[in-house]
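1. Structure of the sequence below:
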Amino acid sequence: MARKRTAQPYQMRNVGGLLEELGNEPSTEVPVGKIRLPKDQPRKYFDSAKMRELVESVREYGIIEPLLVRPLANGEYELVAGERRYRAAKEVGLDTIPIVSRDLNDQDAIRIALVENLQREDLNPIEETEAILNLFSIELNLSKEEVTALLNQVANAKKRGQELTGNVSRQIEQVGEVLSSIADITPETFRTTRLPLLNLPPDILDSLRQGQIEYTKAKTIAKVKDPEQRQALLKRTIDEGLSLTQIRAEITAGGQTSDSGQSPTLRDDFDRIYGKLKKSDVWNDSKKQNRLKKLMTEIESLLDGK
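-> Below you'll find the predicted structure:
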């Protein structure tokens, strides 16, 4: 993998500009059969209803916006951006399809494919998380495991009040720049709310990939460790459209606790309150501070078993 040119400022937004420019460039018609899909596509699931709409549009108007491809040695082309249009063209049975061909290396082709999906189509949370992680990997020239380790290292350093080293500081700054160009979340939010999704049970992952449930519901249902109980709750959530509050109530009422035996939402609630407390103006209010001291004393007594 080529090294990122660190001497230049971050240019991710230029990828979006390239995609916008394609519609203004002269395109070439090539046989649909000459287009090949890359080995690893960011998108694995396509919403059936939206695909039907696109197919009907292509059937009536054809492909208006050309695909972005790169040439292969055998006279064929590898698709870089525009998989939904490509699939619709095949389903309609078009003989030819408009393309714009660019000589792109592997790194740039993957980067453009990721950004095209992240900026133009609503990926499901799993595919979006995987795509962002892959984008981090490319931009930082790190493996996905190393990116995850970096995010955890930064979080641990902040908790301990430690300063980041120059290299780590630059890397996490770059992570923030990547995120700011494609999503409205911080690196720490990505670490705590998105990365855990990749460790969800297979049945939950499948439902998320198909857009059947939101990721907040998926994370809550995943805390039910018994597979049969989890599958039953998952099915009810999908069939009946249970809210997050209803899901939590079902888990509490059924005694479906996590491996540690604690309430599935108690630790989450504590983390949430602790986060609010650190940002609160309670530290500037003497009356609130006195009440807070009493509450802290009660918590400490509880922990000490008094």
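
2. going forward, measure contacts between C-alpha atoms and count neighbours the same way
-> Will do.

3. Listing request: residues of the stretch 151-300 of the chain with sub-threshold pLDDT.
-> 254-272, 274-276, 278-279 (pLDDT under 70).

4. mind listing what's buried in stretch 144-154?
-> Lys144, Val147, Thr148, Leu150, Leu151, Val154 (16 or more other C-alpha atoms under 10 Å).

5. Just to be sure, which of the residues you listed are found in helices?
-> Cross-referencing the buried residues of stretch 144-154 against helices under DSSP state H gives Lys144, Val147, Thr148, Leu150, Leu151, Val154.

6. Nearest to Leu242, out of these: which one, please.
-> Taking C-alpha to C-alpha as the measure, Leu242 lies nearest Thr148 of these, at 32.2 Å.

7. Could you export the ones in helices among the buried residues of stretch 144-154 as a markdown table, including distance to Lys34?
-> Listed next are those as a markdown table, based on distance: C-alpha to C-alpha, whole Å:
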| residue | distance to Lys34 |
| --- | --- |
| Lys144 | 32 |
| Val147 | 36 |
| Thr148 | 38 |
| Leu150 | 41 |
| Leu151 | 41 |
| Val154 | 46 |
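
8. one step back: what's the closest of the buried residues of stretch 144-154 to Gln171?
-> Out of the buried residues of stretch 144-154, the member with the shortest distance to Gln171 (by C-alpha to C-alpha) is Leu150, at 8.3 Å.

9. Identify the residues contacting the closest one.
-> Going by C-alpha atoms under 8 Å, 6 or more residues apart in numbering, Leu150 touches Val168, Ile172.

10. And it, how far from Asn141?
-> From Leu150 across to Asn141, the span is 12 Å (C-alpha to C-alpha, to the nearest Å).

11. likewise Pro26?
-> According to C-alpha to C-alpha, Pro26 and Asn141 sit 34 Å apart.

12. These two - which one has more neighbours?
-> Applying other C-alpha atoms under 10 Å to Pro26 and Asn141 shows that Asn141 carries more neighbours, namely 15 against 10.

13. Could you list the low-confidence segments of the stretch 1-150 of the chain?
-> For the stretch 1-150 of the chain, the stretches flagged by pLDDT under 70 are 1-24, 42, 119-123.

14. Kindly recompute the last result at 50.
-> Counting by pLDDT under 50, the low-confidence segments of the stretch 1-150 of the chain come to 1-13.

15. In it, mark out all the helices, start to finish.
-> Assignment of helices within the stretch 1-150 of the chain using DSSP state H, counting those that start in this stretch yields the ranges 12-21, 48-61, 83-92, 106-120, 125-140, 144-159.

16. okay, the last one in PDB with CA atoms only?
-> Taking Å, rounded to 0.1, in the frame of the first residue of the first chain, the C-alpha atoms of helix 144-159 are listed here in PDB:
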ATOM      1  CA  LYS A 144      -8.000  -2.000  10.900                       C
ATOM      2  CA  GLU A 145      -6.800  -3.600  14.100                       C
ATOM      3  CA  GLU A 146      -4.200  -0.900  14.500                       C
ATOM      4  CA  VAL A 147      -6.800   1.800  14.000                       C
ATOM      5  CA  THR A 148      -9.000   0.300  16.700                       C
ATOM      6  CA  ALA A 149      -5.900   0.100  19.000                       C
ATOM      7  CA  LEU A 150      -5.200   3.800  18.300                       C
ATOM      8  CA  LEU A 151      -8.700   4.900  19.200                       C
ATOM      9  CA  ASN A 152      -8.500   2.900  22.500                       C
ATOM     10  CA  GLN A 153      -5.100   4.300  23.300                       C
ATOM     11  CA  VAL A 154      -6.300   7.800  22.900                       C
ATOM     12  CA  ALA A 155      -9.400   7.200  25.100                       C
ATOM     13  CA  ASN A 156      -7.300   5.600  27.800                       C
ATOM     14  CA  ALA A 157      -4.700   8.400  27.700                       C
ATOM     15  CA  LYS A 158      -7.500  11.000  28.100                       C
ATOM     16  CA  LYS A 159      -9.000   9.100  31.100                       C
END
